[in-house]
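Asks: Show me the folded form of this:
(one chain, ligands or ions: 1)
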Amino acid sequence: MLKINKPIRANPAFMKVARLLAHVVIFGWLGIVFYQGFSDQLGGDPVQTLLDFTGIGALNLLVISLIISPLAMSFKFTQLLPFRRPVGLYSALYGLSHFYVFIAFELQFEMQLIFAEIIKRPYITVGFVTLIILIVLAVTSVNRIKKRMGTTWFTLHSLAYVAVVLAGLHYLWLVKSAWYEPAIYLIFSVCLLFLRRDKIKKIFK
Ligand code: HEM
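Replies: Model (predicted):
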C-alpha cells in the first residue's frame, strides 16, 4: 500500500466545517430528492428514480466509509477517521429509504407480498441481507455498545466488507445490460478486501 512519510495535518476548524458540510450534503440531498418525488418533480417514473438514487447512494456511501481507513493510513491523515461512522450511518439511512420506497410504492405495504419478494427473488434476498447487516452495524456503532463489545465489535464490523460485496452482487443481479457498472463496484470491493487482508486474516485465526 502507498505510504507517505510526513503526516497530513489540516486545520481542526476546517475539518469541523468539512464534517458539517458532509452532513448537509448527504442528508440534504436525500431530503431534496424525496421532496421532489412527493411533489411530482421527478419525471415520468418517480418511484424508479427514488429507488435508483437511494440504492446507488447507499452503495457509494458504503464504499466511501470503507475507503476512509486505507486513505487515512496511506496519507497519514488521521483526521479523516471521524468521517467513517457518519458516512456508514448514512449508508444505512439511504438503504432504509431504498427499502421504504420499495415496500411503500411498489408493494403498498402488503406484508405477504413483501415476504414473498424477499424469499422468491434472489436479488431482493441479497439486498435484504445487506440491509440487515447495515442496520446491525449502525445500531452497534454507538460508543457505549462498542465499549461493551470489546474486540468482538471489530469482528462484527468486518461485516461491512461482506455488505459491500453483497450490495455489488444485488446490483449486478438486477441490471439487464449495463453489467460493467456493478462489475466495477465488485472489483473495487475485492480490492478493498485485499487491502485489509491482514486484519481479516487475524479475525479468522
Ligand atoms: C430489502 C432490501 C432491498 C430491496 C428490497 C431492494 C430492492 C431494489 C429494487 C427493486 C431495485 C430496482 C430494480 C430495478 O431497477 O428494476 C434496486 C436497485 C438497487 N439497489 Fe436495492 N434493494 C435492497 C437493498 C439494497 C441495499 C442495502 C443496497 C446498497 C447498499 C442496494 C443497492 C441497490 C443499487 C445500487 C441498485 C441499482 C440502482 C440503479 O440501477 O441505479 N439495495 N434495489
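
Asks: gap between the top helix by length along the chain and the chain center?
Replies: Using DSSP state H, we find that the single longest helix of the chain is helix 46-74. On the basis of Cα atoms, centre = their mean, to the nearest Å, helix 46-74 is displaced by 5 Å from the centre of the chain it belongs to.

Asks: Same check on stretch 153-168?
Replies: So, by Cα atoms, centre = their mean, the centroid of stretch 153-168 is 10 Å from its chain's centroid.

Asks: what's the answer for stretch 144-159, then?
Replies: Worked out by Cα atoms, centre = their mean, stretch 144-159 lies 18 Å from the chain centre.

Asks: just to revisit the earlier point, any part of the longest helix of the chain near the ligand?
Replies: Yes - judged by Cβ under 6 Å from any ligand atom, helix 46-74 comes into contact with the ligand through L51, D52, G55, I56, A58, L59, L62. For glycine as for every other residue, the C-beta is placed from the backbone atoms N, C-alpha and C.

Asks: would you list these in a markdown table and tack on neighbour count and pLDDT?
Replies: Formatted as a markdown table, those follow (neighbours: other Cβ atoms under 10 Å; pLDDT from 0 to 100):
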| residue | neighbour count | pLDDT |
| --- | --- | --- |
| L51 | 19 | 98 |
| D52 | 13 | 97 |
| G55 | 22 | 98 |
| I56 | 15 | 98 |
| A58 | 26 | 98 |
| L59 | 24 | 98 |
| L62 | 29 | 98 |
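
Asks: show me what contacts the residue sitting nearest the centre point of the chain?
Replies: Closest residue to the average C-alpha location of the chain: L62 at 2.5 Å, with Cα atoms, centre = their mean. By Cβ atoms under 8 Å, 6 or more residues apart in numbering, the residues touching L62 are G88, S91, L134, A160, A163, V164, A167.

Asks: In ChimeraX, how would I select just the buried ones from these?
Replies: In ChimeraX syntax, the buried subset of the contacts of L62 is picked out as below (16 or more other Cβ atoms under 10 Å):
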select :88,91,134,160,163,164,167
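
Asks: The ligand next: which of the contacts of L62 are close?
Replies: Restricting those to those near the ligand - Cβ under 6 Å from any ligand atom - leaves L134, A167.

Asks: pLDDT added to the contacts of L62, as a markdown table?
Replies: Converted to a markdown table, the contacts of L62 look like this (pLDDT from 0 to 100):
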| residue | pLDDT |
| --- | --- |
| G88 | 98 |
| S91 | 98 |
| L134 | 98 |
| A160 | 96 |
| A163 | 97 |
| V164 | 97 |
| A167 | 98 |
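
Asks: Which ones among the contacts of L62 lie within helices?
Replies: Judged by DSSP H, the contacts of L62 include G88, S91, L134, A160, A163, V164, A167 as members of helices.

Asks: Specify which member of those residues is nearest to the ligand.
Replies: Proximity of the ones in helices among the contacts of L62 to the ligand (Cβ to the nearest ligand atom) peaks at A167, which lies at 3.6 Å.

Asks: That'll do, ta.
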